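Visitor: okay, sequence plus prediction incoming.
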Amino acid sequence: MKVARSPEELESDRCIAAVGSFDGVHLGHRRVLETAFEAGRPVTVVTFWPHPRLVLGNHVELLSTLERRLELLEDAGVDEVLVVEFTAELAAREASEFSDTVLRRIGAEVIVVGENFRFGRGAAGDPELLAELGFDVRMVPALPGVSSTAIRNLLREGDVVGAARLLGRPAEIEGTVVLGDQRGGTLGYPTANLAVAPEVLVPAYGIYAGSALGHRAAISIGVNPHYGGDERRIEPHILDFEGDLYGQRLVVELWQRLREERAFGSEEELVDQITRDVAETRAAERPA
């Protein structure tokens, strides 16, 4: 899959363009992509980074980094992606100017968007305007109950199974492995300590079953209350794995929330609970 940062980097002189934020590449986004594939090839996704809501001063916790978004789009079969840098200047452009400087310049003949897609100054652009500007517009109705906002709400509650139903795949948390307290190794359960991008949503604190690197993983998200911690840590213990992961990017699937985090009466009780968590992780089923 080719990834471009400007229209000039794309070689095709005509394409099917699917336009949107595609945060999380959930089932609703996949319906947009499927509609684009049905219209022909090549399919070029036009997406925005940073997220428009962040640039406009609104708070939003993202479901995935741009790197992960691009991987998911490639997995879905997209031919090309144009990553448009979203700035205050771009937000101030008239909708017709955006269509001329971006969509026409990549040779977009068919435009596929969700029914709630808006663009241009004051969000004045919509699918109807695109049709008036001469594009063949395919508007895709929203899937009932499926949205990035709904998925964020489920993850904030720790409902990773519900989130997976809307994503069409397990929920994920992604980060770079950094040096942690190294306490897990002394307990017999070494963990990787993930540093997560500040704009990315971290699910509710608790202990989860999931996977990483093709292995099952028991994942702790929280502040390690047994040791009086106050700094958030995301620590997967990867079952049946040995190796140095420092500095590596890790994508961790979350399959099931096992329990809340808590303090224990002794370190022996803590280790006994971790042993039970690992056993539950081995028995957990991957959602979606």
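Guide: Structure's in. What do you need?

Visitor: can you pull the contacts of Lys209?
Guide: Quick fix: residue 209 reads Ala, not Lys. Ala209 sits next to 216-219, 254-256, 258, 277, 280-281, 284 when contact means CB atoms under 8 Å, 6 or more residues apart in numbering. In short, each C-beta sits where N, CA and C put it, glycine included.

Visitor: so of the residues you listed, which ones are in helices?
Guide: 277, 280-281 (DSSP state H).

Visitor: before we move on, the earlier item: would you turn the contacts of Ala209 into TSV with neighbour count?
Guide: Listed next are these as TSV, based on neighbours: other CB atoms under 10 Å:
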residue	neighbour count
Arg216	22
Ala217	25
Ala218	25
Ile219	29
Leu254	26
Trp255	23
Gln256	20
Leu258	18
Asp277	20
Glu280	15
Thr281	22
Ala284	17
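
Visitor: what residues go with each domain of the protein?
Guide: 2-140, 171-283 (automatic domain parsing).

Visitor: for Tyr205, see how far away Asn193 is.
Guide: Relative to Tyr205, Asn193 is positioned 15 Å away (CB to CB, to the nearest Å).

Visitor: how about Ile151?
Guide: In terms of CB to CB, Ile151 sits 18 Å off from Tyr205.

Visitor: please identify which of the two sits among more neighbours.
Guide: Between Ile151 and Tyr205, counted using other CB atoms under 10 Å, Ile151 has the larger neighbour count: 25 against 17.

Visitor: report the contact partners of the more buried one.
Guide: 24, 26, 63, 163, 166-167, 171.

Visitor: quick check: buried residues in the helix or strand containing it?
Guide: With secondary structure defined by DSSP states H and E, Ile151 is part of helix 148-156. Residues 148, 151-152, 154-155 are the ones in helix 148-156 that count as buried (16 or more other CB atoms under 10 Å).

Visitor: among those residues, which one lies nearest to Glu67?
Guide: Of all those, Glu67 sits closest to Ser148, with 17.5 Å by CB to CB.

Visitor: surely that closest one and Val25 touch.
Guide: No: at 9.8 Å, Ser148 and Val25 do not qualify as touching, with contact defined as CB atoms under 8 Å.

Visitor: poorly predicted segments of the protein, please.
Guide: 181-186 (pLDDT under 70).

Visitor: ranges for the strands of it?
Guide: 2-4, 15-19, 43-49, 80-85, 108-114, 136-140, 171-178, 193-195, 206-212, 215-222, 233-238, 249-259 (DSSP state E).
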